[in-house]
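Participant: Sequence and predicted structure below; questions after.
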Amino acid sequence: MNQASAPTAHDSADPETGLRAVLALRRLAERVEANQVAAARRAGWSWQQIGDALGVTRQSIHTKYGK
């Protein structure tokens, strides 16, 4: 069962297709991050804990989401 599959955005030779995929992934990642940061805050997590989990400083995550 060795079927050739259609090319996907990550292996496309067309830069426009690949770059649109990168943009879509960035937007998705931002939405997921925002939702998870909000959930962590509702669960009582500190900015330090969230920053540690994301591999960034507490200051940077607070600046981004602390409104």
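Facilitator: Received it, and whenever you're ready, just let me know what you need.
Participant: does the spatially most central residue of the chain sit in a helix, a strand or a coil?
Facilitator: Nearest residue to the geometric centre of the chain (C-alpha atoms, centre = their mean): residue 29, 2.1 Å. Under DSSP: H, G, I helix; E, B strand; the rest coil, the three-state class of residue 29 is helix.
Participant: swap in the one 3 residues further on?
Facilitator: When classified by three-state DSSP, residue 32 comes out as helix.
Participant: That one and residue 14: what is the separation?
Facilitator: Applying C-beta to C-beta, to the nearest Å, the value for residue 32 to residue 14 is 26 Å. Yep, even glycine has a C-beta here, placed from its N, CA and C like the rest.
Participant: Tell me the buried residues in stretch 35-51?
Facilitator: By neighbour count with 16 or more other C-beta atoms under 10 Å, stretch 35-51 contains the buried residues 37, 40, 45, 47, 50-51.
Participant: ah, wrong one, I meant stretch 55-66
Facilitator: For stretch 55-66, the neighbour count (16+ other C-beta under 10 Å) marks 58, 61-62 as buried.
Participant: about what we covered before: in helices, which of the buried residues of stretch 35-51 appear?
Facilitator: Counting by DSSP state H, the part of the buried residues of stretch 35-51 found in helices is 37, 40, 47, 50-51.
Participant: now those residues in CSV, with distance to residue 18?
Facilitator: Shown next, in CSV, are these (distance: C-beta to C-beta, whole Å):
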residue, distance to residue 18
37, 28
40, 32
47, 35
50, 31
51, 31
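Participant: Return the closest of those with respect to residue 67.
Facilitator: Taking C-beta to C-beta as the measure, residue 37 is the one of these closest to residue 67, at 11.3 Å.
Participant: OK, contacts around the closest one?
Facilitator: Residues in contact with residue 37 (C-beta atoms under 8 Å, 6 or more residues apart in numbering) are 50, 61, 65.
Participant: now the residues you listed in JSON lines, with distance to residue 24?
Facilitator: Listed next are the contacts of residue 37 as JSON lines, based on distance: C-beta to C-beta, whole Å:
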{"residue": "50", "distance to residue 24": "25"}
{"residue": "61", "distance to residue 24": "23"}
{"residue": "65", "distance to residue 24": "22"}
